[in-house]
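J.: predicted model, plus sequence, below.
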Amino acid sequence: MFLISSGNVINLCIMKIIDKALVQTIYKERNEISHKGSHGHSLIIAGSYNKMGASLISAKACLRSGTGLLTVLVPKSEKQTVNIYLPEAMLHFREDLIDFSTYNAIAIGPGLEQNEAAQKLVFSVFLIAKSLVIDADALNILAQNQDWFNDLPENSILTPHPKEFDRLFGEHNSEQERRLTAIKKAKEFNCVIVLKGHKTFITNGIDSFENTTGNSGLAKGGSGDALTGMITSFLAQKYTCLEASILGVYLHGLAADITLKTQSKESMLITDVIENIGLAFQKIQE
Ligand SMILES: NC(=O)C1=CN([C@@H]2O[C@H](COP(=O)(O)OP(=O)(O)OC[C@H]3O[C@@H](n4cnc5c(N)ncnc54)[C@H](O)[C@@H]3O)[C@@H](O)[C@H]2O)[C@@H](O)CC1
Ligand SMILES: Nc1ncnc2c1ncn2[C@@H]1O[C@H](COP(=O)(O)OP(=O)(O)O)[C@@H](O)[C@H]1O
Ligand SMILES: [Mg+2]
């Protein structure tokens with residue numbers, strides 16, 4: 001329970017815990033009479049010359065989370081990188097003209113860099129996307145262009161870690177203060193904010209949630225990139241922004257907890273975690 005002196009005290013006090021019981025009220029069993037088109041088409045706009053890993057990590061986590069189709073938008077120079085690592089993913093190149101309207105869910109930001117081309121790309125996606133997960137460098141670009149909040153797509157999910165959060169909304173002295181600001185900003189901009197950390201906090205400005213899964217084995221580069229792919233996958237599968245965030249955060253942490261069976265917290269890689277997403281699904285299907 002939080003003791004806070006603010007108008008948001010009611011919101012934060014009714015914060016719900018994300019546990020297996022809550023997730024089982026959200027998760028929908030996969031329809032046996034389905035085809036790849038039934039499970040959405042995700043687009044992940046991520047990666048740059050020296051940060052292609054972020055794109056591959058997001059993409060594989062997205063596929064492992066059930067999206068029917070996946071396209072990744074990468075620099076043309078990196079074409080082979082994706083094809084060799086992830087043959088299941090289709091490709092678009094940042095140099096091409098893209099019809100963004102064909103995707104149910106788009107993620108933008110991991111490893112994108114923040115140069116002028118990236119800024120133009122982020123703004124063009126804001127204008128067209130219907131459901132958008134905004135992470136990493138796209139959050140940093142948004143922080144530098146605060147008036148773009150007025151153009152935020154109707155179903156937007158922001159997934160900042162504390163430093164990205166402070167770039168967006170100013171310096172904070174504690175997690176508690178950030179949570180209060182997150183509630184206020186989620187309501188103001190009509191979006192979902194996933195404030196990542198040891199106990200990730202999710203709010204849409206009305207309801208707030210705290211995750212119960214995950215461990216410090218995730219305190220390593222790439223963990224957030226994977227979460228972005230997972231949340232995007234659930235958005236593409238027609239979960240709401242809040243449902244997709246709750247499912248993604250819970251299963252991401254649960255897969256990391258399952259990974260402790262074969263790795264230590266020091267040795268765990270996010271690619272190990274991605275390979276355990278299937279076992280995390282099985283846990284909530286029990
Ligand atoms: N393999 C890859 O290609 C990787 C690419 N990445 C990309 O690299 C870019 C930079 O992202 P980074 O997050 O690394 O860099 P940032 O500069 O945004 O954040 C790193 C800083 O934030 C602080 N920070 C992070 N989490 C915190 C927490 N929970 N509490 C307090 N401080 C915290 C750290 O101390 C560090 O100083 C992003 O586009 C990201 O997607 C990273 O995800 C790492 C892996
Ligand atoms: N000590 C921890 N306990 C639980 N989860 C953690 C811990 N440290 C980091 N995480 C999780 O790992 C992810 C880190 O995200 P982020 O910093 O964006 O990673 P990156 O950008 O390097 O991929 C978040 O989902 C966060 O909740
Ligand atoms: Mg990140």
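T.: Ah, there it is. Residues are numbered from 1 along each chain as shown. Ligands and ions are numbered 1, 2, ... in the order given.

J.: okay, CA-based contacts and neighbour counts for the rest of this
T.: OK.

J.: so which residues on the stretch 51-200 of the chain come close to ligand 3?
T.: A136 (Cα under 5 Å from the ion).

J.: ranges for the strands of the stretch 51-200 of the chain?
T.: With DSSP state E, counting those that start in this stretch as the criterion, the stretch 51-200 of the chain has strands at 69-74, 90-93, 105-108, 131-134, 155-158, 192-195.

J.: what's the closest of these to F281?
T.: Of all these, strand 69-74 sits nearest to F281, with 19.0 Å by Cα to Cα.

J.: is the closest one positioned near ligand 1?
T.: No. Figure legend: strand 69-74 not in contact with ligand 1 (Cα under 6 Å from any ligand atom); closest approach 12.5 Å.

J.: any chance you could list what contacts that strand?
T.: Applying Cα atoms under 8 Å, 6 or more residues apart in numbering, the contact partners of strand 69-74 are 36-37, 39-48, 55, 59, 62-63, 88-94.

J.: now stretch 160-178: buried residues?
T.: 160-162, 164-168, 178 (16 or more other Cα atoms under 10 Å).

J.: burial count for the nearest residue to L56 once chain neighbours are set aside?
T.: Among residues not flanking L56 along the chain, V82 sits closest, at 6.9 Å (Cα to Cα, 6 or more residues apart in numbering). Neighbour count of V82, defined by other Cα atoms under 10 Å: 20.

J.: any idea how far ligand 3 is from V82?
T.: V82 sits 20 Å away from ligand 3, going by Cα to the ion, to the nearest Å.

J.: what do you get for T67?
T.: Here T67 is placed at a distance of 21 Å from ligand 3 (Cα to the ion).

J.: might you report the residue contacts of that residue?
T.: Neighbours of T67 in contact, by Cα under 8 Å, 6+ apart: 36, 39-42, 233-234, 236-237.

J.: among these, who's most crowded?
T.: With neighbours taken as other Cα under 10 Å, the top of the contacts of T67 is S233, carrying 36 neighbours.

J.: immediately after the helix or strand of the chain with the lowest mean pLDDT, which helix or strand?
T.: Across the helices and strands of the chain, mean confidence by mean pLDDT, DSSP states H and E is lowest for helix 9-13: a mean of 54. Per DSSP states H and E, the first helix or strand lying C-terminal to helix 9-13 is strand 16-18.

J.: what lies in contact with the following helix or strand past that following strand?
T.: Once strand 16-18 ends, the next helix or strand along the chain (criterion: DSSP H and E) is helix 20-26. Contacts with helix 20-26, where a contact means Cα under 8 Å, 6+ apart, come from 243, 246-247, 250, 284-285.

J.: can you say which of those residues are buried?
T.: Buried among these by 16+ other Cα under 10 Å: 243, 246-247, 250.

J.: just these: which are in helices?
T.: Among those, the ones falling in helices (DSSP state H) are 243, 246-247, 250.

J.: from the residues you listed, which is closest to S101?
T.: E243 (22.1 Å).

J.: which pLDDT value does the model give the closest residue to the closest one other than its chain neighbours?
T.: In this structure, E243 finds its nearest non-sequential neighbour in I26, 6.5 Å apart by Cα to Cα, 6+ apart. Looking at I26, its pLDDT stands at 98.

J.: over to G7?
T.: Listed pLDDT for G7 reads 54.
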